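> attaching a predicted model along with its sequence, questions to come.
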Amino acid sequence: MKVMCAMSGGVDSSVAALLLQRAGHEVVGVTMKLWGGDSDTGCCSVSDVDDARRVAQQLGIDHLVFNFGDDFDQHVVDPYVDAHRRGTTPNPCIECNRSVKFARLAERADLLGFDAVATGHHARIGQTDDGRLTLERGHDAAKDQSYVVHMLDQAQLARTLFPVGHLDKSEVRSLAAEIDLRTADKPDSQDVCFITKSDGRETFLGNRIPFRPARVIDTAGDDVGTVDAVELVTVGQRRGLGLPGGGPKLYVTAVDVEQGVVTVGADDDLLDQGLLAEQMSWVDGAADGAVLVQCSAHGAPRRAIVRLVEGDSSTVEVTWASPERRVAPGQSVVLYDLTDERVLGGGICA
């Protein structure tokens, strides 16, 4: 099989290419040039591209670089900035997977005659007795990335491979070390690639949108402080609000950008009975009933009941089994079956 392997310059994608090669596939490594600005984190720096190229040389496979910068700006960076402008909390890495890594890259693979696209994500693809494909958690629970690839449907799964999904991270590094791959000891990327450590989110956004001050009020409506940039505040936040110390811990419970108001309250004030998830995508048909719900990349799954809103599979109402901490609007909400292994689908918290 002819496989295009996305190589980010990290150890997971390096070993993914190695395993595909050992399995007898015709492998070509591809690195996507996404962000055209400064980058010292994530998977878009010049050194990452060089690491991917050098690993491909070590493996003796061809290596290509595709420039998807315009797509990245349109589908990832611009929506990230707009979300902050509107006072929501985006997931740019998920949008990158949705619109670039599993859309544009797959289109390019089809155009060039590849049979499949592979990545180094820690997730697995299974199959039911009747031949339907399933998306499942990676074997290594601590490194599981099924949350960030939840948008894959049957057609996409059919042409996708996750070669390291059945391995522990320690096994991945051992395989890389066996043949002295340059990425064997490389730390995992944890940050948003277009936000540099030196400048940070505030500088990045401040160069693109005007910041607006906001009142900070308590749950009784009394003023307790101000913030300089309401666009930088998110539900659940405790630090950086400029509130006087010595009192009880206060958390952001709501952000109203239009009115310029941030509401804070006690931890209990963050508890909700449920949420509404929009823009749902499904692995194999809409779910309805008892599920487990995960609301951050490594958050604990929570028991809930989901119901389609007026029969519309693009919107679901999530009702928690017991009150749970509020989810920031804009965050991805991913549904799993009750075994906590199989992804059902996911959407965005309204």
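Happy to help now that I have it.
> what's the burial count for Ser170?
When neighbours are defined as other CB atoms under 10 Å, Ser170 has 10 of them. (Each C-beta comes from the backbone N, C-alpha and C, glycine too.)
> let's have the chain start at 70 instead
Done: numbering now begins at 70, and the last item shifts to Ser239.
> hang on, it in a helix?
Yes. Under DSSP: H, G, I helix; E, B strand; the rest coil, Ser239 sits within a helix.
> quick one: the helices in the protein, in order.
Remark: helices assigned in the chain by DSSP state H are 80-91, 115-128, 138-141, 147-155, 161-165, 174-180, 223-227, 238-247, 269-275.
> and the longest one, how far from the chain's centre?
Centroid separation for helix 115-128 versus its chain: 24 Å, with CA atoms, centre = their mean, to the nearest Å.
> residues of that helix that come out buried?
With burial defined by 16 or more other CB atoms under 10 Å, the residues of helix 115-128 counted as buried are Asp117, Val118, Asp120, Ala121, Arg122, Arg123, Val124, Ala125, Gln127, Leu128.
> min pLDDT across these, which one?
When it comes to pLDDT, Asp117 is the least confident member of these, at 87.
> that one - nearest residue in space that isn't next to it in sequence?
Closest residue in space to Asp117, ignoring its immediate chain neighbours: Gly78 at 3.2 Å, by CB to CB, 6 or more residues apart in numbering.
> longest strand in the chain, please.
strand 381-394 (DSSP state E).
> average pLDDT across that one?
Mean per-residue pLDDT for strand 381-394: 96.
> give the contact list for the spatially closest residue to Leu204 that is not a sequence neighbour.
Leaving out its chain neighbours, the residue that sits closest to Leu204 by CB to CB, 6+ apart is Val412, at 4.2 Å. Contacts for Val412 (CB atoms under 8 Å, 6 or more residues apart in numbering) come out as Thr203, Leu204, Glu205, Arg206, Ser215, His219, Val352, Val403, Leu404, Tyr405.
> in strands only, show me these.
Among the contacts of Val412, the residues falling in strands (DSSP E) are Thr203, Leu204, Glu205, Arg206, Val403, Leu404, Tyr405.
> tell me, how many residues neighbour the first one?
Thr203 is surrounded by 18 other residues when neighbours are defined as other CB under 10 Å.
> looks like it contacts Ala192 (just checking).
No. Here Thr203 does not reach Ala192: they are 10.6 Å apart, not a contact under CB atoms under 8 Å.
> tell me where the model's unsure across the chain.
Counting by pLDDT under 70, the chain has low-confidence residues at 107-114.
> try 80
By pLDDT under 80, the low-scoring segments of the chain are 105-115, 258-260, 313-316.
> farthest-separated two in the ones in strands among the contacts of Val412?
Using CB to CB, the ones in strands among the contacts of Val412 span at most 14.3 Å, a distance reached by Thr203 and Val403.
> still on that earlier bit, OK, contacts around the residue nearest to Asp117?
By CB under 8 Å, 6+ apart, Gly78 lies in contact with Thr100, Cys112, Ser114, Ser116, Asp117, Val118, Asp119, Asp120, Ala121, Val124, Thr252, Lys255.
> switch to 6 Å and redo it
Residues in contact with Gly78 (CB atoms under 6 Å, 6 or more residues apart in numbering) are Asp117, Asp120, Ala121.
> for those residues, which one is nearest Gly309?
Nearest to Gly309 out of those is Asp117 (CB to CB; 30.0 Å).
> how near is the closest one to Gln196?
In this view, Asp117 and Gln196 are 33 Å apart by CB to CB, to the nearest Å.
> now do Ala92
In this view, Ala92 and Gln196 are 18 Å apart by CB to CB.
> go on, Ile417?
As for Ile417, its distance to Gln196 is 28 Å (criterion: CB to CB).
> okay, these two: which has more neighbours?
Just comparing Ile417 and Gln196: by other CB under 10 Å the higher neighbour count belongs to Ile417, 20 against 10.
> still on that earlier bit, tell me the most buried of the helices of the chain?
Most buried of those, by mean neighbour count (mean count of other CB atoms under 10 Å): helix 80-91, with a mean of 25.
> what's that helix in contact with?
Applying CB under 6 Å, 6+ apart, the contact partners of helix 80-91 are 72, 74, 76, 96, 98, 124, 128, 187, 189, 232-233, 241, 244-245, 250, 252, 255.
> just how off-centre is that helix within its chain?
Centroid separation for helix 80-91 versus its chain: 22 Å, with CA atoms, centre = their mean.
> by how many degrees do it and helix 238-247 diverge?
Here helix 80-91 runs at an angle of 60 degrees relative to helix 238-247 (axes from the mean of the first three to the mean of the last three CA atoms, to 10 degrees).
> how many degrees apart are helix 80-91 and helix 115-128 in direction?
Going by the same axes, to 10 degrees, helix 80-91 makes 20 degrees with helix 115-128.
> in stretch 343-360, what's buried?
Going by 16+ other CB under 10 Å, stretch 343-360 has these buried residues: Gly343, Leu344, Ala346, Met349, Ser350, Trp351, Val352, Asp353, Ala355, Ala356, Val360.
> save these as CSV, and put in distance to Lys266 too.
Output for the buried residues of stretch 343-360, formatted as CSV (distance: CB to CB, whole Å):
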residue, distance to Lys266
Gly343, 37
Leu344, 32
Ala346, 32
Met349, 34
Ser350, 32
Trp351, 37
Val352, 35
Asp353, 40
Ala355, 41
Ala356, 39
Val360, 37
